[in-house]
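S.K.: here are the coordinates; sequence isn't available:
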């Protein structure tokens, strides 16, 4: 006799399994880049690095220009500032999840472009006494594909992009981190 499982039992198990995942936390170390949008008129955007979390206040570091663009010699000079923002004033919070390179994409695009170019050259060169046009297309296509993959793979490895994760600001948590010297070091814990 085969046991039957009701759809309600499956739904209950799924809800019990998925619900804890929604509150899952991610530890963010001090110095992690963040992007905040504050509530209120004008919606101020802040980009900075996490310092710590005090009760209901997020502390972070940022950079601001030292002078106006009209001031001679001030271009490119910044000073570090320390902001403290109430959690209730944060409309949206994004945390940088990491940086990634385009190496694989470059390899793929280079190989495809080289293969197509080499095959086109091989076919248009025609047949001769030693090789047919199809054999030339295959040989030139493979050769150009390898060369294209190498060149585009190198270019792609130098191009990086960042990924950012949106986090509800009310679910911020702080966990202590082992100190690396005198004093106390903390990290910021965010849900996934």
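M.R.: Yes, it's here. What you see is a predicted model, and the numbers here were worked out from it, not measured in a lab.

S.K.: Just read off the phi/psi values of residue 156.
M.R.: In terms of degrees, to the nearest 10, the main-chain angles of residue 156 are phi -60, psi -30.

S.K.: Which residue, neighbours along the chain excluded, lies closest to it?
M.R.: residue 106 (2.3 Å; Cβ to Cβ, 6 or more residues apart in numbering). All C-beta spots, glycine's among them, are computed from the backbone N, C-alpha and C.

S.K.: So that neighbour lies in a strand, does it not?
M.R.: No - under DSSP: H, G, I helix; E, B strand; the rest coil, residue 106 sits outside any strand and is assigned helix.

S.K.: And the strands in this protein, which stretches?
M.R.: Under the criterion DSSP state E, strands of the chain are mapped to 25-28, 33-38, 45-54, 57-65, 78-86, 90-101, 160-167, 173-177, 185-191.

S.K.: mind listing what the residue nearest to residue 156 touches?
M.R.: By Cβ atoms under 8 Å, 6 or more residues apart in numbering, residue 106 lies in contact with 152, 153, 154, 155, 156, 157, 159.

S.K.: circling back: of all the strands of the chain, which one is nearest residue 143?
M.R.: For the strands of the chain, the distance to residue 143 is smallest for strand 90-101, at 25.9 Å, taking Cβ to Cβ.

S.K.: Pull out the buried residues from that closest one.
M.R.: 90, 93, 94, 95, 96 (16 or more other Cβ atoms under 10 Å).

S.K.: do stretch 32-43 as well
M.R.: Going by neighbour count (16+ other Cβ under 10 Å), the buried part of stretch 32-43 is 32, 33, 34, 36, 38.

S.K.: I figured the second one was touching residue 46, is that so?
M.R.: Spelled out, it's residue 33. No - the pair residue 33 / residue 46 is not scored as a contact, 11.2 Å apart, by Cβ atoms under 8 Å.

S.K.: where does this structure have low pLDDT?
M.R.: The chain contains residues with pLDDT under 70 at 1-28, 65-77, 170-192.

S.K.: Domain-wise, how is it divided?
M.R.: 24-99+163-191, 103-158 (automatic domain parsing).

S.K.: and among those, the most buried is which?
M.R.: Of the domains of the chain, the one with the most neighbours on average (mean count of other Cβ atoms under 10 Å) is domain 103-158, at a mean of 16.

S.K.: coming back round to it: and of the strands of the chain, who's closest to residue 133?
M.R.: Per Cβ to Cβ, nearest to residue 133 of the strands of the chain: strand 90-101, 38.3 Å.
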